[in-house]
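**Q** Quick one, what's the 3D model for this:
(chains A and B)
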Amino acid sequence: MNAQPSKLFKRKPIIIAAILLIGFLSIQFIRPQITNPPVKAEIEAPAEVKSILTRACYDCHSNQTNLRWYDQISPVYWKVASHVNTGRKHLNFSNWQNLAPADQKAILWEAVNQIAAGAMPIKDYELVHPSAAVSKSDLEVLKKYVSSMSPKQISGDTAKINAADKQYVHWQKATADQAKLPKALNGITYIPDYKNWESISSTERFDNGTMRIIFGNPTAIKAIREHHINPWPNGTTFAKVAWDQITDKGGNVHTGAFKQVEYMIKDDKKYAATAGWGWARFKTDKLVPYGKTAMFTTECVSCHKPLSNTDFVFTSPIEH
Amino acid sequence: MKITYILFAASVFVLSACNNRKPSEELLNKKAAIPASFNFSKAGLKVITSSINKKEQTMSTLYGNDLALKTAISGTTSYPPGENLTLVTWSQQDDDRWFGAKIPGDLLSVEVVKIISSNTGSITTIYQRFTGKKLIKDIDTAHQQERINYIFSQKPSVMP
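**A** Numbers count the residues shown, from 1 in each chain, chains lettered A, B, ... in the order given. Here you go, the predicted structure:
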């Protein structure tokens, strides 16, 4: 009677080890799939640019994922598979040519900014794969490459001027009250009152040839005045309006056609799933809601995510 | 084993560094601020348009009261008394949060154009210019008419 428990006691570590080993071996059979479909429409870029992307990004953003032996062992493998499958969904350099040229450019600028902000390549991956790190000089190469693609501004660009004039005449005649306000796919309604809010900043975007004004509603203005802007209080709403740039003969740039208005509405409970903000974008003066499904917000959150330590907000507000 | 610990510690460090919220004070664009004493906000002005001067590397926003906005949209060149048009100009700086953007830097000037009617019924246009971070009133009166014409010539931005 006495001997038995001690015997078991002695065996216990072995049993535990055996259970763990069996557990470890059996989880190796739980394998989310990573397939490498054929590469049909890969990005074309100068060799020095492509080699950086291949080395630092292709594991998660192409159909040419190269798993090392240590990536293949569960549970590490699960994490890797999730990175790869989500990464590809967001951005896949193997399907690059299927994107519209404007979207390609926008994503490259975003990529440079994600790297500059330290968000890409994903940090836990970089720790295990140090060769994927993007050095300062690599980043300069990428910055130079995207800058070479920024739209050239021609003074007196007649196509842009005509588009702006046409819109202007239409707007000038429009009556203030719009019968039915457009609604984004996530249920957020266009807010016409933004133009009566105070502006908190402006930007010149030389990446895409637009200029913008960022408006804040009274809750936002109060928070700025009280210096309580991280996090921003619930009810804060921003509207960012973008126009074409029109350059005149003297090199002065004025606003051309209205491109879009975008909103961020703070409510940490209602919008908990999208970083605490409700997102919406309405395009052109016809105010067409942006996105194919309500999931368009993942784009917004992805690009604003490196700003998580400033409550996902880019703008540094100007007090007045 | 040791390497695992180091990696673990490092990743905890990286993650915690990312989640540190920056204090609100550091997030304001201090250089560009309009001094509270100017009572800009109290004037209740609305955005009319904005512009960029590439040569000077400056950016400006034109504000106006309801009357000024209405006149500007209508396109008329007869400016009624009570109008207030205010042009704020900043130097530009690179946006350190977005490679691809420039944002306002130092506050350079605020120019105010007001239309007033005296009690004799005559209508006059007043131009005032305030410069520098503290918005000191400028006593130089050269180029006033030129500036008034420039400010009046601004077309409002389309805001549906």
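**Q** okay, how far is it across stretch A:56-76, tip to tip?
**A** 19 Å (Cα to Cα, to the nearest Å).
**Q** hmm, it in reach of chain B?
**A** No - Stretch A:56-76 lies apart from chain B when judged by Cβ under 8 Å from any Cβ of the partner chain; the minimum separation is 11.3 Å. Where C-beta positions appear, they are placed from N, C-alpha and C, glycine not excepted.
**Q** what pLDDT, on average, does that stretch get?
**A** Averaged across stretch A:56-76, pLDDT comes to 91.
**Q** check contacts around A:Pro46.
**A** A:Tyr145 (Cβ atoms under 8 Å, 6 or more residues apart in numbering or on different chains).
**Q** Likewise for A:Gly291?
**A** A:Ala184, A:Leu185, A:Arg281, A:Thr297.
**Q** Give me the phi and psi for it.
**A** Here is the backbone geometry of A:Gly291 (degrees, to the nearest 10): phi 110, psi 150.
**Q** distance of it from A:Trp279?
**A** 9 Å (Cβ to Cβ, to the nearest Å).
**Q** Mutual contacts of these two, please.
**A** A:Ala184, A:Thr297.
**Q** re the thing from before, show only the entries of the contacts of A:Gly291 found in strands.
**A** Members of the contacts of A:Gly291 lying in strands (criterion: DSSP state E): A:Arg281.
**Q** Let me know the closest of the contacts of A:Gly291 to chain B.
**A** Nearest to chain B, judged by Cβ to the nearest Cβ, of the contacts of A:Gly291 is A:Arg281 at 13.7 Å.
**Q** what's near enough to touch residue 73?
**A** You didn't say which chain, so I picked chain A. Neighbour list for A:Ile73: A:Gln28 [criterion: Cβ under 8 Å, 6+ apart].
**Q** that answer is for a different chain, and I need it for chain B
**A** Counting by Cβ under 8 Å, 6+ apart, B:Ile73 has contacts A:Gln172, B:Pro156.
**Q** May I ask you to confirm that it belongs to a strand?
**A** No - counting by DSSP: H, G, I helix; E, B strand; the rest coil, B:Ile73 falls outside a strand, being helix.
**Q** Mind pulling up the pLDDT for residue 15?
**A** By default, I'm working from chain A. 91.
**Q** You answered for a different chain; I wanted chain B.
**A** So, for B:Leu15, pLDDT stands at 48.
**Q** Can you flag which of the contacts of A:Gly291 belong to helices?
**A** A:Thr297 (DSSP state H).
**Q** Quick one, which of the contacts of A:Gly291 are buried?
**A** A:Ala184, A:Arg281, A:Thr297 (16 or more other Cβ atoms under 10 Å in any protein chain shown).
**Q** A:Arg281 is in contact with the last one, correct?
**A** No - taking contact to mean Cβ atoms under 8 Å, the distance of 9.7 Å between A:Thr297 and A:Arg281 leaves them out of contact.
**Q** who touches the residue of chain B found nearest chain A in this structure?
**A** At 3.1 Å from chain A, B:Gly100 is the closest residue in chain B, using Cβ to the nearest Cβ. Residues in contact with B:Gly100 (Cβ under 8 Å, 6+ apart) are A:Trp109, A:Val112, A:Asn113, A:Val146, A:Ser150, A:Arg205, A:Phe206, A:Asp207, A:Asn208.
**Q** quick one: which of the residues you listed is nearest A:Ile318?
**A** Using Cβ to Cβ, A:Arg205 comes nearest to A:Ile318 of the contacts of B:Gly100, at 17.4 Å.
**Q** That closest one bridge partners, please.
**A** Taking DSSP bridges as the rule, A:Arg205 bridges to A:Thr210, B:Ala101.
**Q** Next: A:Tyr263.
**A** The partner residues for A:Tyr263, given DSSP bridges, come to A:Ala239, A:Ala280.
**Q** Let me see the ranges of the strands in the chain.
**A** In the absence of a named chain, this looks at chain A. Under DSSP E, chain A gives strands at A:198-205, A:210-216, A:237-247, A:252-266, A:277-283, A:288-289.
**Q** my bad, chain B
**A** Under DSSP E, chain B gives strands at B:46-53, B:58-64, B:84-94, B:101-117, B:123-131, B:136-137.
**Q** With just CA atoms, put the longest one into CSV.
**A** Below are the C-alpha coordinates for strand B:101-117, written out as CSV (Å, rounded to 0.1, in the frame of the first residue of the first chain):
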residue,chain,number,x,y,z
ALA,B,101,2.6,64.6,-46.9
LYS,B,102,3.4,68.1,-45.7
ILE,B,103,1.6,69.8,-42.9
PRO,B,104,1.6,73.3,-41.3
GLY,B,105,4.8,74.3,-39.4
ASP,B,106,5.5,77.7,-38.0
LEU,B,107,2.6,80.2,-38.0
LEU,B,108,3.7,83.0,-40.3
SER,B,109,0.8,85.4,-40.5
VAL,B,110,-2.9,86.2,-40.2
GLU,B,111,-4.4,88.7,-42.6
VAL,B,112,-7.9,90.1,-42.0
VAL,B,113,-10.1,91.8,-44.5
LYS,B,114,-13.2,93.5,-43.1
ILE,B,115,-15.9,95.4,-44.9
ILE,B,116,-17.5,98.1,-42.6
SER,B,117,-19.9,100.8,-43.1
